[in-house]
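In: requesting a structural model of the entry that follows:
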Amino acid sequence: MSRGARLSCTTASIALVCVCMVSGCGWLRSDSKPVKIHPQAIAAWHGQPRAVAATLLLRTADAAGESLQITLHLWRSADGRTRLLVTKIDVDVLQALVQADGSFTAFAPRSGLRTTGDFADPQLPAGLADLRLLIGEVCEGPLSPALAAVAQATPEFANVLTGPVAAGVTAAVTATVTLDPQSEQVREKVLRDDRGRLLYHLRYLTYTTYDECHRPSKVDGKVGDGGTLTAYLRRFDSLGDISAERMRLTIPDTARAVPVTDFLEHLEP
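Out: Now for the predicted structure:
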């Protein structure tokens, strides 16, 4: 398995952790009394801090069973920028700064390569593009306020919502989200492309309260290519903002600029 393929599996799995937040409305019939689904209130319950510092432990495996464990550190500032650091056994693998509009700069310390791109670019490799979905999942929760009004309850089940992922993040992806009928938690999420092919099937197993925010702290998932993942949210801090020093991405003058595809091929997780 090539380094580029392993990275694609890794970053796709990262994304998995996270992806498109949706919502809807309707009545649910249960064994007790009907429960009214209020998507906007559910999104608010998850919490929307001005700035976030978070750490995730990710364990992934491809269809052949080859496994990988990495740690993702992210900092989201109040102005919408996100600083990313991916490590493996305390060694820096990838550093990146993502602007609020989705444009990014990335640096691989081990190879000495740098690259730039845009998450909205339809030609961007899917694994790297889906990192933006991860940022939204962690910072906004599995039910984003921005997408809460887009999804609709399915005719069969009022607590099952379906709707499109935000335009410009990835092309024509639809999310189906199952809500817990007796709480504000999200049970699972299924993402499919415009041909109906499975991209991710995520199950939110455990929730944890972080100050006034609520986030899934353990997620199991299946990836459309046959891979699997388990993600643990190890740290989640709600902050007023992130320091300029923390948000700064410093790249050596000796770093060689290459296209995104070459950058991924030479990335060594």
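
In: buried residues in stretch 101-118?
Out: Using 16 or more other CB atoms under 10 Å as the test for burial, stretch 101-118 gives Gly102, Phe104, Thr105, Ala106, Phe107, Ala108, Ser111, Leu113, Arg114, Thr115, Gly117, Asp118. Any C-beta I mention is one placed from the backbone N, CA and C, and that applies to glycine too.

In: what of stretch 255-264?
Out: Val258, Val260, Phe263, Leu264.

In: for the closest residue to Thr154 other than its chain neighbours, what are its contacts?
Out: In space, and not counting its chain neighbours, Thr154 is closest to Val160: 4.6 Å by CB to CB, 6 or more residues apart in numbering. Contacts of Val160 were listed using CB atoms under 8 Å, 6 or more residues apart in numbering, and they are Ala153, Thr154, Thr176, Val177, Thr178, Leu179.

In: quick check, nearest of the residues you listed to Lys222?
Out: Thr176 (14.0 Å; CB to CB).

In: and the strands in the stretch 1-150 of the chain, which stretches?
Out: 26-28, 35-37, 51-61, 67-76, 82-88, 91-98, 103-108, 113-118 (DSSP state E, counting those that start in this stretch).

In: roughly how far apart are the residue lying closest to Arg132 once chain neighbours are set aside and Ala96?
Out: Leaving aside its chain neighbours, Arg132 sits nearest to Phe119 (4.1 Å; criterion: CB to CB, 6+ apart). As for Phe119, its distance to Ala96 is 11 Å (criterion: CB to CB, to the nearest Å).

In: find the residues that touch each one of these two.
Out: Phe104, Leu131.

In: thinking again about what came up before, what number of residues lie near the residue nearest to Arg132?
Out: Each residue near Phe119 was counted by other CB atoms under 10 Å, and the total is 21.
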